[in-house]
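Asker: Here is the input, now give the coordinates:
(2 chains)
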Number of protein chains: 2
Amino acid sequence: MYIEKINQPTDVKNLNSEQLHILADEMRQALLQKLSKHGGHFGPNLGMVEAAIALHYVFNSPTDKIVYDVSHQSYPHKMLTGRKDAFLYEDKYDDVSGYSNPDESDHDFFTIGHTSTSVSLACGLAKGRDLKGDKENIIAVIGDGSLSGGEALEGLDFASELNSNLIIVVNDNDMSIAENHGGLYKNLKKLRDTDGKAECNLFKSMGLDYVFVKDGNDIDSLITAFKQVKDSTYPVVVHICTQKGKGYEIAEKNKEAWHYCGPFDLETGKSDMPQDGEDYSSMTADILLKKMKEDKTIVGITSATPTVFGFTEDKRKEAGSQFVDVGIAEETAVALASGIAKNGGKPIYGVYSTFIQRTYDQLSQDLCINNSAATILVYWASVYGMNDVTHLGIYDIPMMSNIPNLVYLAPTTKEEYLAMLDWSIEQNDHPVAIRVPISVVSDGKKVTKDFSKLNEYEVTQNGSKIAIVALGSFYSVGAKTAEIIENKTGVKPTLINPIYITGTDDKLLEQLKENHDIVITVEDGVLDGGFGEKIARFYGNSDIKVLNYGLKKEFLDRYNPEEIVKANRLTPEQIAEDVCGIIG
Amino acid sequence: MYIEKINQPTDVKNLNSEQLHILADEMRQALLQKLSKHGGHFGPNLGMVEAAIALHYVFNSPTDKIVYDVSHQSYPHKMLTGRKDAFLYEDKYDDVSGYSNPDESDHDFFTIGHTSTSVSLACGLAKGRDLKGDKENIIAVIGDGSLSGGEALEGLDFASELNSNLIIVVNDNDMSIAENHGGLYKNLKKLRDTDGKAECNLFKSMGLDYVFVKDGNDIDSLITAFKQVKDSTYPVVVHICTQKGKGYEIAEKNKEAWHYCGPFDLETGKSDMPQDGEDYSSMTADILLKKMKEDKTIVGITSATPTVFGFTEDKRKEAGSQFVDVGIAEETAVALASGIAKNGGKPIYGVYSTFIQRTYDQLSQDLCINNSAATILVYWASVYGMNDVTHLGIYDIPMMSNIPNLVYLAPTTKEEYLAMLDWSIEQNDHPVAIRVPISVVSDGKKVTKDFSKLNEYEVTQNGSKIAIVALGSFYSVGAKTAEIIENKTGVKPTLINPIYITGTDDKLLEQLKENHDIVITVEDGVLDGGFGEKIARFYGNSDIKVLNYGLKKEFLDRYNPEEIVKANRLTPEQIAEDVCGIIG
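Answerer: Numbering: from 1, shown residues only, chains lettered A, B, ... in the order given. Below you'll find the model as predicted:
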């Protein structure tokens, strides 16, 4: 096999056209094998095989520098830059991350996982080169789906200011994770339909030169185009049309489902890990669909990840105009929600914790200063969420909860979540966010709480000496801790469900002083700027001792959550041990 | 005068063409009078007089809804919607804010102050309307300068998805605050040069309809165009060409200087408040220019506010290619800085505290995960900074300081600031931000500290019982507090300059336990998620009492800083009083 002999990009350059085609087939087979056993980003990588080969055939990486947007399509690039073993041999599958990674190779320049960053980052590399008087090529590879993101559009607009070499490869497979949304995609279609000849051209309107490649899975066409733009002295877009999931028929036919995959049967395409049990995503979509039928002003909003709150293709169809996909455009999603709320609608925006951080300013300015009654559902906000360094779900509390006017709620059970969702949709006074847990816990208890009484915590167990304030998804950690302490010492701790991440229940906290010596806080996120520190501040000038449990501020990467939880002394056993040590 | 009789938009509709022209002249005169005495946004408002008249002549506000981007150009709109007195009578000048404000009038729908938000917010109003089955017109008014912002471009892209009425008035005066930067401005020029007829058209490439108005200061042309698009059933851009500062020759000739003005002499244009003394902005530009000459890899970056760190037009010219304006595009500014650092350059990004929050995700992902050695200078981060609710400088600490890898420094003196700047530019290990104070304090002391020893605080006065940790611009508050306490009680407090906002000096804090009972923290920002809470957390499980001084989490608006400082018990006298009360 050729792929076995590719140890660096120069090995690609030594192959002839026929050999390059065989190499592409081998790479695709290796990808299929690995992905069927290991899981990973599927469609984007199968579509990029030929372009990765052509890039390394024409350019001289790492002197020439390639920046992959999102970089979930960088597997073929990794295979050609000394990392093929991680795709050929099962025992080495985990030697590489799912994203570009400078720690793995000199051919990667940034750790990237969020979309729409490549053009601006590449502009930086180009500017650095120009300041030094160097001459290498700088290449950004960006998918059509990523183009709708503010940073990408800013970058496209800025690029022409460089007035020097920058090559932007637009990998157009006519898909985001789901179908594309936004007016620019009509322009991409027009360009595809006219072989790039349409006069009205988004890229040209941004001041960029433009080259069109009709078949972006044809190595020879790609090589011709890349040779044409190599050493260009001005920024140029190479618009290549590729097929997402190319080479695996089942994926070619259902691109959305095959954007990412878990392990699956290569013959049938069936998942090896059938999902069972309740989950908050589909539960939420079902409830919202029901509500939408009763109230035509309810509208779901996604920024290109509709399934985060259960809106699969069929459910989106069912919702009709009561579901809006803004494309990858989190800033617009939040502003849209604010505007809808101000004109009589009831917007619900579903979003991953790691992506809500793409819209801090809109949360503050468009939403919270205006006190618009929108609902934001924040998913995968947990140490048990995604574990790539670029996709951490443990920073939403410091990021969001210190913005005035926002009411950020942390449900502990399914019943509580549903009550909060109901309340949030129907109230008109506050921007509300709900931190949706990962696992569904149901206690069957009817929730009677009036959530409009802001910052009123709930005492779920009356005790003494020790009070445990356990937030949202880690309420169970607090409850278990209380149990262990009581068993060990006979002291029954007070247990508190704080409900509100964004405020302190000063009256209750004051009362605790009467017959408590220690207050413990437990949260499923970083401590710095988080929930527990507010409790520590409250008791600063008192005799109460406060112990905050949560995560250290650090960029974790591909971690084992159980190990991290232990390393931060976040298990009930560890917390109980600490507390027992203090009370002696 | 006609303006005296305009109490609502319907009063505009009753005027004939000649009367409308006289009204425009009267409004311009009133604006000149008020601005010369009161200060405010100058150029943008003088350019918008005719468009505001035409909008209210054609549309039916507030049923039809107009959203002004940034809204610093909404003075003429305010004059026509029941708020003329605040522009005609000196004693009423302060009755209105400088931005759109729903508390003032039903004709304003959002409190807006940051740029690039109008299209997405208007999309929300339009979607809300559609959900309810209503039919009113929704109009966004956005300046050309704001178009380069990610949220604006996202909004333009999304708008066509609405498939219903939305009118986007692009107010093109061929200027941002300074000159425009970015490729799209070449397209705007082409459209101006061809009377809107160029085939390649940014707005059309985003799927939008398009109407061109050559003279956007001609009421009749504007009325014709607005009548044409009124009740449109699809999104349409009306591109109007206006003159910034129109009607005041001095401003027409120097648009950048006259974007905003303080009180001035109407005859000569000379400022009534000549500035004297040192300031950190021009000091910084001068130092950077000097360094740039010695090191060609040093580069200044701005996102359309070059003078925030002193880069006036002449200094930008002097810096040449070593100064980059990305346009209003904070996300790209941070990504660019990261890319430059990764390719051997030394980037320094100067930005206002209120605008750095427009790029949280890029700080986290593009910069800090990649540990790129860029320098960010954060200006006007203080309770003494801008006091409009949309421009608060007191939220940067919770927003930034909880991001891993970032080193956020708080200088207390000019000497310290310069030493930090030097260190930051030359080091290669960390993304560094410096919280530049507003007032220059110089103590002449040589700074010998090695800033690479992260989180090593400086003890500036050894004492006992009480330790005061006073951050950055509020170090002087801490020092004065120490003095008062010593005078009152004879106890000499320990005084600490923490230098690092992003970390705790655990060793020193541990040592303090030996002979201190109380630790005070003082910071010039909100307490929630801020610096002091980290100290409170550190001492949670000890006998040390911690008192955190800073600001309450709230959206302050047009406040008196001295009053707010007092209300938060942030004066040295108040803090000393509290402390003396505790030590008895």
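Asker: how long is stretch A:555-571 end to end?
Answerer: Length of stretch A:555-571, first residue to last, C-alpha to C-alpha, to the nearest Å: 21 Å.
Asker: got the buried residues for it?
Answerer: Residues of stretch A:555-571 classed as buried by neighbour count (16 or more other C-beta atoms under 10 Å in any protein chain shown): A:555-557, A:559, A:564-565, A:568, A:570-571. C-beta here means a position set from N, CA and C on the backbone, and glycine is covered the same way.
Asker: Over to stretch A:189-199?
Answerer: For stretch A:189-199, by 16+ other C-beta under 10 Å, it's A:190-192, A:196, A:198.
Asker: got it, and stretch A:511-526?
Answerer: A:512, A:516, A:518-526.
Asker: With distance to residue A:78 and secondary structure added, can I get those residues in JSON lines?
Answerer: Converted to JSON lines, these look like this (distance: C-beta to C-beta, whole Å; DSSP: H, G, I helix; E, B strand; the rest coil):
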{"residue": "A:512", "distance to residue A:78": "54", "secondary structure": "helix"}
{"residue": "A:516", "distance to residue A:78": "55", "secondary structure": "strand"}
{"residue": "A:518", "distance to residue A:78": "50", "secondary structure": "strand"}
{"residue": "A:519", "distance to residue A:78": "49", "secondary structure": "strand"}
{"residue": "A:520", "distance to residue A:78": "45", "secondary structure": "strand"}
{"residue": "A:521", "distance to residue A:78": "42", "secondary structure": "strand"}
{"residue": "A:522", "distance to residue A:78": "39", "secondary structure": "strand"}
{"residue": "A:523", "distance to residue A:78": "36", "secondary structure": "strand"}
{"residue": "A:524", "distance to residue A:78": "32", "secondary structure": "strand"}
{"residue": "A:525", "distance to residue A:78": "31", "secondary structure": "strand"}
{"residue": "A:526", "distance to residue A:78": "30", "secondary structure": "strand"}
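Asker: wait, which of the residues you listed is closest to chain B?
Answerer: Nearest to chain B, judged by C-beta to the nearest C-beta, of the buried residues of stretch A:511-526 is residue A:526 at 6.8 Å.
Asker: wait, doesn't that closest one sit right on residue A:394?
Answerer: Yes. Counting by C-beta atoms under 8 Å, residue A:394 is a contact partner of residue A:526 at 5.4 Å.
Asker: Between these two, which contacts overlap?
Answerer: Contact criterion C-beta atoms under 8 Å, 6 or more residues apart in numbering or on different chains; residues shared by residue A:526 and residue A:394: residue A:551.
Asker: one step back: closest one of the buried residues of stretch A:189-199 to residue A:269?
Answerer: Nearest to residue A:269, judged by C-beta to C-beta, of the buried residues of stretch A:189-199 is residue A:192 at 27.5 Å.
Asker: which residue packs closest to the closest one, ignoring adjacent ones?
Answerer: residue A:241 (5.7 Å; C-beta to C-beta, 6 or more residues apart in numbering or on different chains).
Asker: Would you agree the one you found is in contact with residue A:213?
Answerer: Yes. Assessed by C-beta under 8 Å, residue A:241 is found in contact with residue A:213 at 6.8 Å.
Asker: quick one: contacts for residue A:72?
Answerer: Contacts of residue A:72 (C-beta under 8 Å, 6+ apart): A:41, A:44-45, A:98-99, A:113, A:260.
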